[in-house]
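> Sequence plus the predicted model coming up.
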Amino acid sequence: MAAVPAPAATLCAAPQFFPSASGFEIKGPIFNSHIYPSPIGEPSNGHTTPSSSMLDSSPNQISIPYVESEVYAKMLLLRKKGYPLWKPKSENPRLPEAYRREGVHIGDVGILTESGGFDYLFNVCHGSGHELNLGRVPEGFKPISNLDCDDTEDYTEEYEMGCHVSSDPNHIHRGRIQTVNTHRESLDRLQGVPEEVGEGLSYWSTTSRGALLILPEGGKSVNHLSRARFEKYAAEFAASWYTHVIGTLGREIHNGSLYLVTGFDKARAWGVASFSNAEPENVSLEFVPKSSNGKTRYPKYWFRTCNSAASSSGADDTYGRQSGCVFLRGLKIAIRERWFREKVMEITRISNLDADCLFPKAPIGNEGGWSYSSQRWFNSFRQDPLLPSKRSLLADSDTNECYRRYIILRTQSTIGFCKVMIRWTLP
C-alpha cells in the first residue's frame, strides 16, 4: 500500500533550521526551539520561524536601563565641570559634625556611590586627631606634608542667582513662573528667595534625554593649585587606602570608587533632574520655593511639577552656608589585582580618557565574572546610547583639556599585587 503524502501546506509550514544543507547526518539530536510571538498588530499564521537576529541574540545585547543618577552623571560630565553628584550632601548621622555642617573638603578621600553620592572616609590634609578624622583613618596614616591648605583658587560667585547647568543648552530651556497672588502666605514663602527665582522657574526640553542642575542661590568654585603634591601623595598611599576600606572597614568597594578631592563646586540650595527615552514634548519641570513653616526663615525649594523626568532637591539649614557639593574634582583611584613576582613602580601618562572611566566598576576580586550591570561601565563611551552618536569622547581633541592625566602606578600591598590608576577628572 502506497504511503499517503503529507499535505503540501504542512510541508511548507515546517520551520527549517538548516535550509539548503546537504551531505551530513544527525544522530540522536536534541534541539531547543524558542518560538517568539508575533508582533502586536500582525496576524499569526499558526507558526513562527525564528529569525537570524533572534538566534544570534546574546546576553551582552540586553539593554539595561540607566537609573536617574547614572543618566545625570553621564550627561553632565560633558560640561567638563567635574563629577556631577546626584546627592550633593550626605544625610548620614554618623559623619563628623564638621563634615555634616560644611560638606566636602579639599583632601577628602571617599567613595563615589552608585546612588550618586560621595561617601566620606577621611581627610589627608589633617592628622588623625582632627575632628574630621577621629577613628576614621587607616593604620599608619600620615597626612600630606608641606602643603599650604590656603593655596587655592576661589570663585565665590562662580554661579549666579537663579542659574542652571544643563547637558545641552540648545535643547533644555528655562522660563519664569508668573502668578497673580498677593496672599500673605505667598509673601512669606518668597522671603529670602532671590529675585532671579521669584515665584519659580520652569523648564522644558526639545530632546529625549538630558540632565539639569538648578542653583537658585548660585554657588562657588574652589580648586587647590598644588595638584602635583596630591598626585605624589596618592601614589604612595593609595594601596593602603584600599587595604583599609576592603579589610578594616569590610566594604565591598567597587573598582575605581575611591576619590581624592582637590576641588569642588558648592551651593546652599540645589535641584537636580534627569530624563532618558522621553517624548520631548512631555518633559516639563517647575522648580519653586517651598512655603515657610514660620520657624525657619531660610528658603527651600522643590519640584512642584516633574513630568517624564526624575528629580531631587535639597538645601542647607543655614542661610548662606554652601555645603552641597554639586561637582567634584580631583584624583580618581582604581585598583586591579595583578600577580607580579617583584615590586614594580611605574608611571605611565595617557590622555584622552573616556568618561565611562569615571563610573563605579564591579567589585575588586571579581574581574573574571562581570554581571551585566558591571559590564555596562566598561563599554566604550562612544557607544553609549545616552550620548549623541557623533559625540565621541575618545575621538574629540577637546577632551585633552578635560582629562589631563592618567597615571598608572603598580605597587605591592597586603591584598596582593595590584595596579593603582590615578586619574585627573579636570585640568
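Yes, it's here.
> Ignoring the adjacent residues along the chain, who's closest to residue 165?
Leaving aside its chain neighbours, residue 165 sits nearest to residue 213 (4.4 Å; criterion: Cβ to Cβ, 6 or more residues apart in numbering). The C-beta positions use only the backbone N, C-alpha and C, and glycine is treated the same way.
> The strand or helix carrying that neighbour pairs with which strands?
In this assignment (DSSP states H and E), residue 213 forms part of strand 210-215. Sheet pairing here is set by DSSP bridges, and for strand 210-215 it gives strand 163-166 (antiparallel), strand 269-275 (antiparallel).
> C-alpha coordinates for the shortest one, PDB please?
Read it as strand 163-166. Extracted C-alpha coordinates of strand 163-166, given in PDB (Å, rounded to 0.1, in the frame of the first residue of the first chain):
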ATOM      1  CA  CYS A 163      21.300  79.900  37.200                       C
ATOM      2  CA  HIS A 164      21.200  76.300  35.900                       C
ATOM      3  CA  VAL A 165      23.600  73.900  34.200                       C
ATOM      4  CA  SER A 166      22.100  71.600  31.600                       C
END
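> Next, the buried residues of whichever helix or strand comes after that strand.
Sequence-wise, the next helix or strand downstream of strand 163-166 (DSSP H and E) is strand 172-176. Neighbour counts over strand 172-176 (16 or more other Cβ atoms under 10 Å) mark 172, 174 as buried.
> ok, then the element right after the strand holding residue 213?
Next along the chain from strand 210-215, counting by DSSP H and E, comes strand 219-224.
> and the following helix or strand past that next one, what does it pack onto?
Going down the chain from strand 219-224, the next helix or strand is helix 227-243, by DSSP H and E. Packing partners of helix 227-243 (3 or more Cβ pairs under 8 Å, 6 or more residues apart in numbering; DSSP states H and E): strand 258-267, strand 324-337, strand 406-413, strand 416-424.
> Quickly, which of those strands bottoms out on average pLDDT?
If the helices and strands packed on helix 227-243 are sorted by mean pLDDT, strand 406-413 sits at the bottom with a mean of 36.
> Average pLDDT for the helix or strand containing residue 119, rounded please.
Here residue 119 sits within strand 118-123, counting by DSSP H and E. Per-residue pLDDT over strand 118-123 has a mean of 97.
> Check stretch 158-173 too.
96.
> same question, stretch 75-90
95.
> Between the two ends of it, how far is it?
One end of stretch 75-90 sits 22 Å from the other (Cα to Cα, to the nearest Å).
> before we move on, what about stretch 162-175?
The first-to-last residue distance of stretch 162-175 comes to 11 Å (Cα to Cα).
> Residues touching stretch 148-158, excluding its own?
106-107, 125, 218-226, 265 (Cβ atoms under 8 Å, 6 or more residues apart in numbering).
> and residue 247, which of the strands paired with strand 210-215 is closest to it?
Set against residue 247 and scored by Cβ to Cβ, these come closest in strand 269-275, at 34.2 Å.
> Return stretch 201-218 as PDB; C-alpha atoms alone will do.
Extracted in PDB, the C-alpha atoms of stretch 201-218 (Å, rounded to 0.1, in the frame of the first residue of the first chain):
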ATOM      1  CA  LEU A 201      11.400  78.600  37.300                       C
ATOM      2  CA  SER A 202      10.000  76.300  34.600                       C
ATOM      3  CA  TYR A 203      12.000  74.100  32.200                       C
ATOM      4  CA  TRP A 204      11.200  72.100  29.100                       C
ATOM      5  CA  SER A 205      13.100  70.100  26.600                       C
ATOM      6  CA  THR A 206      13.300  69.500  22.800                       C
ATOM      7  CA  THR A 207      15.400  66.400  23.200                       C
ATOM      8  CA  SER A 208      14.500  62.900  24.600                       C
ATOM      9  CA  ARG A 209      17.400  62.700  27.100                       C
ATOM     10  CA  GLY A 210      19.200  65.200  29.300                       C
ATOM     11  CA  ALA A 211      20.200  66.300  32.800                       C
ATOM     12  CA  LEU A 212      19.700  69.600  34.700                       C
ATOM     13  CA  LEU A 213      21.200  71.200  37.700                       C
ATOM     14  CA  ILE A 214      19.400  74.200  39.200                       C
ATOM     15  CA  LEU A 215      21.200  76.600  41.600                       C
ATOM     16  CA  PRO A 216      18.600  79.100  42.800                       C
ATOM     17  CA  GLU A 217      21.000  81.000  45.100                       C
ATOM     18  CA  GLY A 218      24.100  80.500  42.900                       C
END
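> Of all the residues in that stretch, which ones are buried?
201-205, 209-218.
> What of stretch 94-111?
Neighbour-count burial for stretch 94-111 [16+ other Cβ under 10 Å]: 95-96, 99-100, 103-111.
> for these, which one is nearest residue 244?
Using Cβ to Cβ, those come closest to residue 244 at residue 109, 9.5 Å.
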